[in-house]
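Asker: dropping a prediction and its sequence here:
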Amino acid sequence: MITINFNYLDVSSTAFKNKKRLKAQLVSLFKKEGALVESMDYIFCTDAYLLGINKQFLKHNFYTDIITFNLANKKAPIQGEIYISMDRVKENAQTHQTTYKEELHRVIFHGALHLCGYNDKLPSQVKKMRKAEDSYLASYFK
């Protein structure tokens, strides 16, 4: 059984009307991707909070929408922590001309896909990641 938690740091928790359904979609994603997962903690926060994490752990001094960590040992089931800046999600939704709700779910699935081994550094990796995100979004919002 996978434990999935949603945590909120100085941001509203009203973005999700059906957390149970979202958790079920994430469990389905992990099963489909063949990932062994023990626990997932999503931490929804501000730009300032995530910038601090980006500086401290990744030595990057810029805003980002998401940072994903697997806290488990190499061969153990995934114990994920996914930090999401709600400020970036709002701005990205406007930039990409999509809804806040869709962009938020895209980022949630994006973090889960990172834990399943997807990367997004090279153009070919970005294309594969977007295709998977689009598939899970379509499945979730059907």
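Answerer: Ah, there it is.
Asker: how about the strands in this structure?
Answerer: For the chain, the strands defined by DSSP state E occupy 3-8, 37-45, 66-70, 78-85.
Asker: need the winner for burial among these.
Answerer: strand 78-85 (a mean of 22; mean count of other C-beta atoms under 10 Å). Yep, even glycine has a C-beta here, placed from its N, CA and C like the rest.
Asker: if we can go back for a sec, wait, which of the strands of the chain is closest to Glu133?
Answerer: Closest approach to Glu133 among the strands of the chain is made by strand 66-70 (11.8 Å; C-beta to C-beta).
Asker: please save the CA atoms from the closest one in CSV.
Answerer: Listed next in CSV are the C-alpha coordinates belonging to strand 66-70 (Å, rounded to 0.1, in the frame of the first residue of the first chain):
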residue,chain,number,x,y,z
ILE,A,66,9.1,21.6,-8.8
ILE,A,67,11.9,19.8,-7.0
THR,A,68,11.7,16.0,-6.6
PHE,A,69,13.7,13.9,-4.1
ASN,A,70,13.8,10.2,-3.6
